[in-house]
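[1] turn this into a structure:
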Amino acid sequence: MKRKSKILFVQKITSQEYRVLLGRRVSNNESFWWIPGGSVEPGETDFEAGIRELDEELFLTAAYSSAIHAYELKNEVPPFIEYESAQAKNIIFMISMIQANDIPLPAIKDEFEELAWFNIDALPANMSKEFAYIQHQLGASVREL
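    Below you'll find the predicted structure:
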């Protein structure tokens, strides 16, 4: 079975409010929001695959790259959620961003039509079908960061 790795950027706004960065994709004339990422290739760790996929899909600014590299420098893996869908075994790494509303969104290279921050308690109605696999644990996992 395929293995897929995604990276979810998280901002803590207040002690009760968290935001996540999602991208809107269009596939088969259907528009949905989901987390950047893709397939793990042979010889890659899950985290390396997530970083590679981000590099293929987005132009990250220094703030996003620094948040990722903080884990790499310490040789640590960020907190994550794992789940299995019909198509793949999946892992979502959660990268905590500093609290700042002025961090520009990454520019899009490929795969997405737009990027946006969403409150974890007010995600868009047209989330990816894969959201059903993590819906109940995502909010709790984000708040543990």
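
[2] secondary structure class for Tyr64?
    Following DSSP: H, G, I helix; E, B strand; the rest coil, Tyr64 is assigned to helix.

[3] what's it in contact with, if anything?
    Residues in contact with Tyr64 (CB atoms under 8 Å, 6 or more residues apart in numbering) are 9, 95, 97, 103, 106. Where C-beta positions appear, they are placed from N, C-alpha and C, glycine not excepted.

[4] let's go with 10 Å and repeat that
    Residues in contact with Tyr64 (CB atoms under 10 Å, 6 or more residues apart in numbering) are 7, 9, 21, 54, 58, 95, 97, 103-106.

[5] now Ile98
    Residues in contact with Ile98 (CB under 10 Å, 6+ apart) are 11-12, 63, 66-67.

[6] in this structure, which spans are helices?
    46-57, 62-73, 131-143 (DSSP state H).

[7] Trp33 contacts Lys129, doesn't it?
    No: at 11.4 Å, Trp33 does not count as touching Lys129 under the criterion of CB atoms under 10 Å.
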